[in-house]
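In: let me see the structure of the following:
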Amino acid sequence: MLKIILASTSPQRKKLFKQLGLPFITRASDFKENLSLKIAPHKMAHQFSLGKAMSVAINEKNAIIIGADTIVACKNQILGKPKTSARAKKMLKTISGKIVSIITGYTIINTKTKKIITRSVETKAQIKKLTAKEISDYVKTGEPLDKAGAFAIQGRGAVIVKKINGDYNNVIGLPLFSLAESLKKM
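Out: Down below sits the predicted model:
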């Protein structure tokens, strides 16, 4: 039996993947994302997930490698992880009252057969109109700093998401339904 490796150190992805009930291990990917690329969000999610999976697959002979990357876009503007409070505030002002796209690309590589599947799933999230105080209070929690789009629906950011259209797990970072269907094909 092939071992399954999730090419991610994300605690959220690890927690989600456990829900599939498959034995797996995690490995950090050394792939470096370049958010300055001038490509469509879906294509970027594909490239980044493939890069993450490939960087781990290189050292494995009999394994299923899964790489994933989540991108948040507002009107085709890619919103990465703000990393600073000032950037988080600016990003939250940008998405306030708008609908954002959360796109997770995932790649599955069978290192034995060399088969590769790359897909992406998009979920739309309607962000409530935020006051300056709500933005400031949320940024003070520190949660937005390392989250794409400056919010975490599975955390305190749940109160700023008015509604979603699509896969909730995708917003967290791993579209389980689509991934499970692709794994069956692998």
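In: from now on I want contacts and neighbour counts done on CA atoms only, so please keep to that.
Out: Fine.
In: quick one: buried residues of the lengthiest helix in the chain?
Out: In the chain, assigned by DSSP state H, the helix with the most residues is helix 41-57. Applying a neighbour-count criterion of 16 or more other CA atoms under 10 Å, the buried positions in helix 41-57 are 41-42, 44-57.
In: repeat for stretch 113-130
Out: By neighbour count on 16+ other CA under 10 Å, the buried set for stretch 113-130 is 116-129.
In: same thing with stretch 162-180?
Out: Along stretch 162-180, these residues count as buried under the neighbour rule (16+ other CA under 10 Å): 164, 167-176, 179.
In: and Ile117, helix, strand or coil?
Out: Of the three states, Ile117 takes strand under DSSP: H, G, I helix; E, B strand; the rest coil.
In: tell me who's in contact with it.
Out: By CA atoms under 8 Å, 6 or more residues apart in numbering, the contact list for Ile117 reads 107-109, 182, 186.
In: how far away is it from Ala73?
Out: 23 Å (CA to CA, to the nearest Å).
In: just Val161 next, same as before
Out: Counting by CA to CA, the gap from Val161 to Ala73 is 15 Å.
In: ok, Phe31 next?
Out: Separation of Phe31 from Ala73 (CA to CA): 21 Å.
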